[in-house]
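Undergrad: Have a look at this fold, sequence not included:
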């Protein structure tokens, strides 16, 4: 290694006499310091506001006796001169190493980006359901990361069971009445101290399976009359209706018309019987139980009889003042005209 010769001159002044002495010394020349490099732990360069990152200023060769200067966005950042610093802010970080006699150039910049915590959101088309249906809720995070999802119902933690399945970001319910409530979700970033706030609530209403009911004023009819029966469901939905007569399925024909929830009969004697209906929710696995039966009596056509309280009571030629009654094979309340 080359050395430099240093000559020290000492001057002594005594009256008018001047004495000059010299001394030679040798020292090592300044050693150049290699350009340092910044490493980060954890290594991700996108930070959420709850996270910290440790930055290390590494000098090739592993020397440790240096002092370190840190810069953020080109300005001095830390008064301490350690090789490692902990940061929570985004920015462009640089460092350099210094010894007593020399210093390195600045490292390349190490850029950290600071982000706000993403918001979780429950996404589902389901706001109401019936027992037996399968309902899916998704927890949506706008930033695609390695999230672990948590679910809550009425602020209580939801865990998987026979009735509830959690897979990835999806909660699936095999609906029962107890599943009605307010659902929310939350996500935690795997391996990092990042947890979103809870989402806004998503309410699910669970209805009891509705009962179908046959509604009609008709309980008896004559051939040729038009009789209408309606299948009534208390919950207004997109129902598909089925009709039964004496437990057999009823289909439309020239004598029977089914439109929406109404069965219309062009009455014939064979239409006498017990009618019931049932409804199925279009596009969903919801079917009501059969309604209670509604009986229809069909009378055969025949002649009526005219009678009066005077029959057989007055002599020939005398007038009767009591009303005459026309008796038909069915109640007069159903006779029109």
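TA: Looks like it arrived, so ask away. Fair warning: this is a prediction, and the values are worked out from it, not measured in the lab. Residues are numbered from 1 along each chain as shown.

Undergrad: CA only for contacts and neighbour counts going forward, please
TA: Will do.

Undergrad: List the contacts of stretch 134-145.
TA: Where contact means CA atoms under 8 Å, 6 or more residues apart in numbering, the residues beyond stretch 134-145 that reach it are 118-124, 126, 129, 149, 169-175, 185-187, 189.

Undergrad: Just the buried residues of that stretch, please?
TA: Buried positions in stretch 134-145, judged by neighbour count with 16 or more other CA atoms under 10 Å: 134-141.

Undergrad: Can you report phi and psi for residue 271?
TA: The phi/psi pair for residue 271 (degrees, to the nearest 10) reads phi -80, psi -10.

Undergrad: Within its local environment, how many residues does it see?
TA: Neighbour count of residue 271, defined by other CA atoms under 10 Å: 18.

Undergrad: What sits closest to it if chain neighbours are left out?
TA: Spatial nearest neighbour of residue 271, excluding adjacent residues (CA to CA, 6 or more residues apart in numbering): residue 298 at 7.0 Å.

Undergrad: likewise residue 31?
TA: Setting aside the residues directly before and after it, residue 31 is nearest to residue 102 in space (CA to CA, 6+ apart), at 6.8 Å.

Undergrad: So in terms of bridging, what pairs with the residue nearest to residue 271?
TA: For residue 298, the beta-bridge partners are residue 221 (DSSP bridges).

Undergrad: now swap in residue 38 and tell me
TA: Going by DSSP bridges, residue 38 is paired in beta bridges with residue 57.

Undergrad: what sits against it?
TA: By CA under 8 Å, 6+ apart, residue 38 lies in contact with 55-58, 94-95, 107-110.

Undergrad: Report the buried members of these.
TA: 55-58, 94-95, 107, 109-110.

Undergrad: okay, those in CSV with distance to residue 281 and pLDDT next?
TA: Shown next, in CSV, are the buried ones among the contacts of residue 38 (distance: CA to CA, whole Å; pLDDT from 0 to 100):
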residue, distance to residue 281, pLDDT
55, 61, 95
56, 64, 95
57, 67, 94
58, 68, 94
94, 66, 96
95, 68, 95
107, 68, 96
109, 63, 96
110, 60, 96
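
Undergrad: I'd like those residues as a markdown table, with distance to residue 48 appended.
TA: Converted to a markdown table, the buried ones among the contacts of residue 38 look like this (distance: CA to CA, whole Å):
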| residue | distance to residue 48 |
| --- | --- |
| 55 | 16 |
| 56 | 20 |
| 57 | 23 |
| 58 | 25 |
| 94 | 21 |
| 95 | 23 |
| 107 | 25 |
| 109 | 20 |
| 110 | 17 |
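
Undergrad: ranges for the strands of the stretch 151-300 of the chain?
TA: Using DSSP state E, counting those that start in this stretch, the strands of the stretch 151-300 of the chain run over 156-158, 164-167, 170-174, 181-189, 202-206, 213-215, 220-221, 226-232, 239-245, 248-250, 256-259, 262-266, 273-281, 294-298.

Undergrad: outside of the third one, which residues touch it?
TA: The list of residues contacting strand 170-174 from outside it, by CA under 8 Å, 6+ apart, reads 131-139, 151, 163-166, 179.

Undergrad: you'd agree residue 221 is up against residue 298?
TA: Yes - with contact defined as CA atoms under 8 Å, residue 221 counts as touching residue 298 (4.9 Å).

Undergrad: Now do the shared contacts for these two.
TA: residue 267.

Undergrad: Which residue of those two possesses the greater neighbour count?
TA: residue 221 (23 against 20).

Undergrad: ok, now which ones touch the more buried one?
TA: Per CA under 8 Å, 6+ apart, neighbours of residue 221: 227, 267, 296-299, 334.

Undergrad: quick one: buried residues of stretch 224-240?
TA: Using 16+ other CA under 10 Å as the test for burial, stretch 224-240 gives 227-233, 239.

Undergrad: Closest to residue 285 out of those residues?
TA: For the buried residues of stretch 224-240, the minimum distance to residue 285 (CA to CA) is 11.4 Å, reached by residue 239.
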